[in-house]
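Trainee: below is the sequence, then the predicted model.
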Amino acid sequence: MHIELRFFASVREALGLAQERIELPETVRTVGQVREHLVARGGAWAEALGQQRALRMAFNHVMCAPETAIQEGGEVAFFPPVTGG
């Protein structure tokens, strides 16, 4: 499955990346599993997206819980709880 990733504020700064298109293994089916998949990359990914970090997540522009199912071509976004304007 292919999805779009978007990173905002301090997450974007930590990763040096605002967006990415990735192909996920069949076992990754929820927003929380996407996060776990990215954390497994290690390094800055584990620091920016690890469970120790309070993060908000959205699927297709709607705030969601980690259990939210993802779909082919969807967009998963990660950002800190409060973002500046």
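Mentor: Perfect, I can see it now.
Trainee: could you list the buried residues of stretch 33-47?
Mentor: By 16 or more other C-beta atoms under 10 Å, the buried positions in stretch 33-47 come out as 33, 34, 35, 37, 38, 39, 45. (Each C-beta comes from the backbone N, C-alpha and C, glycine too.)
Trainee: ranges for the helices of this structure?
Mentor: Applying DSSP state H to the chain gives helices spanning 9-15, 31-39, 43-49.
Trainee: can you lay out the ones you listed as JSON lines showing distance to residue 70?
Mentor: Output for the helices of the chain, formatted as JSON lines (distance: least, C-beta to C-beta, whole Å):
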{"stretch": "helix 9-15", "distance to residue 70": "18"}
{"stretch": "helix 31-39", "distance to residue 70": "6"}
{"stretch": "helix 43-49", "distance to residue 70": "16"}
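Trainee: show me the one of the ones you listed that comes nearest residue 23.
Mentor: Each of the helices of the chain has some distance to residue 23 by C-beta to C-beta; the shortest is helix 31-39, at 10.8 Å.
Trainee: contacts for that closest one?
Mentor: Contacts of helix 31-39 with the rest of the structure, by C-beta atoms under 8 Å, 6 or more residues apart in numbering, involve 3, 5, 24-25, 27-28, 45-46, 49-51, 55, 57, 59, 64-68, 70, 76, 78.
Trainee: CA atoms only: put that helix into PDB for me.
Mentor: Extracted in PDB, the C-alpha atoms of helix 31-39 (Å, rounded to 0.1, in the frame of the first residue of the first chain):
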ATOM      1  CA  VAL A  31      -2.100   5.100  11.700                       C
ATOM      2  CA  GLY A  32      -0.400   3.800  14.900                       C
ATOM      3  CA  GLN A  33       1.300   1.000  12.900                       C
ATOM      4  CA  VAL A  34       2.500   3.600  10.400                       C
ATOM      5  CA  ARG A  35       4.100   5.500  13.400                       C
ATOM      6  CA  GLU A  36       5.700   2.200  14.600                       C
ATOM      7  CA  HIS A  37       7.000   1.400  11.100                       C
ATOM      8  CA  LEU A  38       8.700   4.800  10.900                       C
ATOM      9  CA  VAL A  39      10.100   4.600  14.400                       C
END
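Trainee: many thanks, I have nothing further to ask.
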